[in-house]
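Enquirer: Predicted model, plus sequence, below.
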Amino acid sequence: MGAVVTLPALDAALAAEQLEVLGGFAVAESEAGFPKGTRTLLMLGPREPGFWPHLKASPEWDGTPDPVDRWSRRVIGRIACDLGAKALFPFGGPPYHPFYQWALRSGRVWDSPVKLLVQADQGLMVSFRGALALKDVVPVPPPATRPCDICSAPCLTACPAGALTGEGYDVPACHRFLDGPDGKDCMMGGCRVRRACPVSQTYARLPEQSAYHMGQFHK
């Protein structure tokens with residue numbers, strides 16, 4: 001790629017790895033908290049359908065720990081190098097990069113009624129594999145309308161254990177429920193709260209992927 005980042009070239013590089021830009025924002029030259037020279041931050045996540053089979057076909061899916069994070073480092077790191085950018089990740093700390101705050105700043109991700117992040121196209125299934133800190137000023141996806149503003153909020157009552165509600169997240173209660181026979185549906189299909197989101201239901205994430213992440217969470 002050339003020295004100046006273009007959106008078609010960037011999108012092609014991301015699409016080849018089943019990734020897409022989930023949001024982004026401009027960074028002021030004097031702004032702290034970013035790599036030196038950053039002018040644009042783009043947040044990346046899975047592009048569906050097809051992300052999970054693509055990842056499972058990678059060399060990182062070899063039975064050793066942390067295949068998703070290792071894949072993210074290799075793939076996003078290489079894309080960043082090709083762009084003359086810096087790859088940033090939501091794992092690998094502490095200290096951790098403030099992905100939650102960055103996501104809110106994008107105008108395409110918001111706090112949901114259950115306080116989990118909800119994204120314009122992926123709903124409560126949103127996940128970030130990394131971010132690109134670019135030295136170029138690049139157009140970012142435009143702000144969207146928060147889907148929760150016109151939603152009946154089924155997420156508030158979807159948790160069968162009553163562990164994830166508008167009052168917060170009772171993590172021990174969640175784990176206790178998952179240990180029992182009634183927790184099998186959540187373990188195999190993903191968190192019912194995330195699945196209850198109408199936007200999530202339009203997003204082609206495979207239950208197998210959700211089951212993998214639930215297994216990582218509930219070790």
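Expert: Arrived safely. Worth saying up front: this structure is predicted, and the values here are computed from it rather than measured. Residues are numbered from 1 along each chain as shown.
Enquirer: Show me what the helix or strand of the chain with the lowest mean pLDDT is in contact with.
Expert: Least confident helix or strand, the chain: helix 7-15 with a mean of 89, by mean pLDDT, DSSP states H and E. Residues outside helix 7-15 that contact it (CB atoms under 8 Å, 6 or more residues apart in numbering) are Met1, Gly2, Glu20, Val21, Leu42, Leu44, Arg47, Ile79, Asp82, Leu83, Val138, Pro139. All C-beta spots, glycine's among them, are computed from the backbone N, C-alpha and C.
Enquirer: ditto for stretch 55-70
Expert: Gln18, Trp71, Arg74, Val75, Phe89, Phe91, Gly92, Arg129.
Enquirer: Quickly check the contacts of helix 7-15 for the two that are furthest apart.
Expert: The distance between the two most remote of these (CB to CB) is 23.4 Å, for Gly2 and Arg47.
Enquirer: what about the two, which has more around it?
Expert: Arg47 (18 against 8; other CB atoms under 10 Å).
Enquirer: now whichever strand or helix holds Arg78 against helix 7-15, angle please.
Expert: Element membership of Arg78 [criterion: DSSP states H and E] is helix 67-83. Here the directions of helix 67-83 and helix 7-15 differ by 150 degrees (axes from the mean of the first three to the mean of the last three CA atoms, to 10 degrees).
Enquirer: what's downstream of helix 67-83, the next helix or strand?
Expert: Remark: after helix 67-83, the chain's next helix or strand is strand 86-88, criterion DSSP H and E.
Enquirer: Tell me how many other residues crowd the residue lying closest to Ser106 once chain neighbours are set aside.
Expert: Computed as CB to CB, 6 or more residues apart in numbering, the closest residue to Ser106 that is not its neighbour in sequence is Gly23, at 2.8 Å. Using other CB under 10 Å, Gly23 is surrounded by 28 other residues.
Enquirer: Check Asp170 too.
Expert: Neighbours around Asp170, by other CB under 10 Å: 16.
Enquirer: How confident was the prediction at Phe89?
Expert: According to the prediction, Phe89 has pLDDT 98.
Enquirer: er, Gly93 I mean
Expert: Gly93 is given a pLDDT of 89.
Enquirer: how close does the most centrally placed residue in the chain get to Pro95?
Expert: Centroid check for the chain by CA atoms, centre = their mean gives Ser127 as the closest residue, at 1.7 Å. For Ser127, the distance to Pro95 (CB to CB, to the nearest Å) stands at 20 Å.
Enquirer: care to break this protein down by domain?
Expert: Split into domains by automatic domain parsing, the chain comes to 7-144, 149-217.
Enquirer: Quick one: the helices in this protein, in order.
Expert: Under the criterion DSSP state H, helices of the chain are mapped to 7-15, 51-56, 67-83, 99-105, 171-179, 184-189, 192-196, 207-217.
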